[in-house]
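Participant: Kindly generate the corresponding structure for this input.
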Amino acid sequence: MGVGPACEAAEARSGGIGPDQIDAFAEGELIDFVHATAIYGCGTSAGGATVICVDSQRLPTFDSDMNRVTYGHYIFCEGHCEAARLPHEFVHVRQFEDTGDAMGIDYLVQYVWSGFSYESNPYEVEARSVGR
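Facilitator: A predicted model of the protein is given here:
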């Protein structure tokens, strides 16, 4: 998947902020917000970074039907991160490595452009190709 137009525009406006920003936010803010019950390395990304799984009591998302969400190299799971479901999230980690911090903006734009459909969002279509 290539970088979407919203992602390109956001990176241009931001001066090209890098992946350290979203990882720092995940580690510094989101872990406290979700009331993490366990934090552990759960794999290595395509780019060679350690991926951190966070078992939590709640998720940092607007969609109450979700039970996993990925921010940068951090995978947040409601309850426990089940190994069988991680391949889908690792696709999102790789997408993040490919597009940088602006992926979040582009993800939301793609969500809107796909008619507010999680199922039709190109980021999710790609991730579903390896599992749910």
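
Participant: Could you point out which residue ranges in this structure have low pLDDT?
Facilitator: Applying pLDDT under 70 to the chain flags residues 1-20, 132.

Participant: residue ranges of the strands in it, please?
Facilitator: 36-44, 50-56, 68-71, 74-78 (DSSP state E).

Participant: Mind listing residues that contact the first one?
Facilitator: So that's strand 36-44. With CB atoms under 8 Å, 6 or more residues apart in numbering as the test, strand 36-44 has contacts from 31, 50-57, 75, 80-81, 83, 86, 90. No exception for glycine: its C-beta is placed from N, CA and C like everyone else's.

Participant: Would you indicate which residues of that strand are buried?
Facilitator: Neighbour-count burial for strand 36-44 flags Cys42, Gly43 (criterion: 16 or more other CB atoms under 10 Å).

Participant: Check stretch 74-92 too.
Facilitator: In stretch 74-92, counting by 16+ other CB under 10 Å, buried: Tyr74, Ile75, Phe76, Cys77, Glu78, Cys81, Leu86, His88, Glu89, Phe90, Val91, His92.

Participant: you'd agree the fifth one is up against Leu59?
Facilitator: Translated: Glu78. Yes: using CB atoms under 8 Å, Glu78 makes contact with Leu59 at a distance of 5.5 Å.

Participant: Show me whatever sits in contact with both of the two.
Facilitator: Shared contacts of Glu78 and Leu59 (CB under 8 Å, 6+ apart): Met66, Asn67, Arg68.

Participant: List the residues that contact the second one.
Facilitator: Contact analysis of Asn67 by CB under 8 Å, 6+ apart lists Leu59, Cys77, Glu78, Gly79.

Participant: Which one of those residues is nearest to Ile105?
Facilitator: Closest approach between the contacts of Asn67 and Ile105, by CB to CB: Leu59, at 19.3 Å.

Participant: For that closest one, grab phi and psi.
Facilitator: Per-residue torsions, Leu59: phi -110, psi 150 (degrees, to the nearest 10).
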